[in-house]
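>>> predicted model and sequence below, questions to follow.
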Amino acid sequence: MKIDLRSGVDGKVGTLKGASERPFPYLIEISAIGHATESIKKVKRAILNVLPEKERGKISLSVQELRGHHGNPIFVAKANLKDPNLNKTLLERLAKELPEEEKGMLANEVGTYVDKNCNLYLRLDKQAAFT
């Protein structure tokens, strides 16, 4: 399994302190980009493959149609996970299955991929996740 980490702003692992306390991560957004020649169904399946099998049927995926840098049609499929138990399970699964190099990168740079609201953003390598 391979992920690409998308930039956010500084954040800390633990609980977000302030006006309200939120668990970390409050929300995990998993996204994958597809091109016009790719199957939306397969890109969605790649996202679901990252999730625990028993939870896949409970997750709703959104698809947004966009234009690429050169005007080509692309789409972004996303899953937004707000359930603390599912988020914990997903992070445990990533910790178990990610290659050591990617785990180290995620651990060392997690603040870069977390926004001020304690949301974690992961962009999926759909080919690696589809297999």
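That came in fine, so what should we check first? Numbering: from 1, shown residues only.

>>> tell me which helix or strand the residue positioned nearest the centre of the chain sits in.
In the chain, the residue lying closest to the centroid (Cα atoms, centre = their mean) is residue 30, at 2.3 Å. Assigned by DSSP states H and E, residue 30 falls within strand 27-35.

>>> buried residues in that strand?
Within strand 27-35, the residues that qualify as buried are 27, 28, 29, 30, 31, 32, 33, 34, counting by 16 or more other Cβ atoms under 10 Å. For every residue, glycine as well, the C-beta is placed using N, CA and C.

>>> how far is it from where the chain is centred?
Its chain's average C-alpha position is 6 Å from that of strand 27-35, according to Cα atoms, centre = their mean, to the nearest Å.

>>> ditto for stretch 55-69
Counting by Cα atoms, centre = their mean, stretch 55-69 comes out at 11 Å from the chain centroid.

>>> kindly export it (C-alpha atoms) in PDB.
What follows is stretch 55-69, C-alpha atoms only, in PDB (Å, rounded to 0.1, in the frame of the first residue of the first chain):
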ATOM      1  CA  GLU A  55     -16.400  -0.900   7.500                       C
ATOM      2  CA  ARG A  56     -16.400  -0.500   3.700                       C
ATOM      3  CA  GLY A  57     -20.100  -0.700   3.300                       C
ATOM      4  CA  LYS A  58     -20.700   2.200   5.800                       C
ATOM      5  CA  ILE A  59     -18.500   4.700   3.900                       C
ATOM      6  CA  SER A  60     -19.900   7.100   1.400                       C
ATOM      7  CA  LEU A  61     -17.600   8.400  -1.300                       C
ATOM      8  CA  SER A  62     -17.900  11.600  -3.200                       C
ATOM      9  CA  VAL A  63     -16.700  12.300  -6.700                       C
ATOM     10  CA  GLN A  64     -15.900  15.800  -8.000                       C
ATOM     11  CA  GLU A  65     -15.300  16.400 -11.700                       C
ATOM     12  CA  LEU A  66     -12.500  18.900 -12.500                       C
ATOM     13  CA  ARG A  67     -10.200  20.100 -15.200                       C
ATOM     14  CA  GLY A  68      -6.500  19.300 -15.100                       C
ATOM     15  CA  HIS A  69      -3.600  21.700 -15.700                       C
END
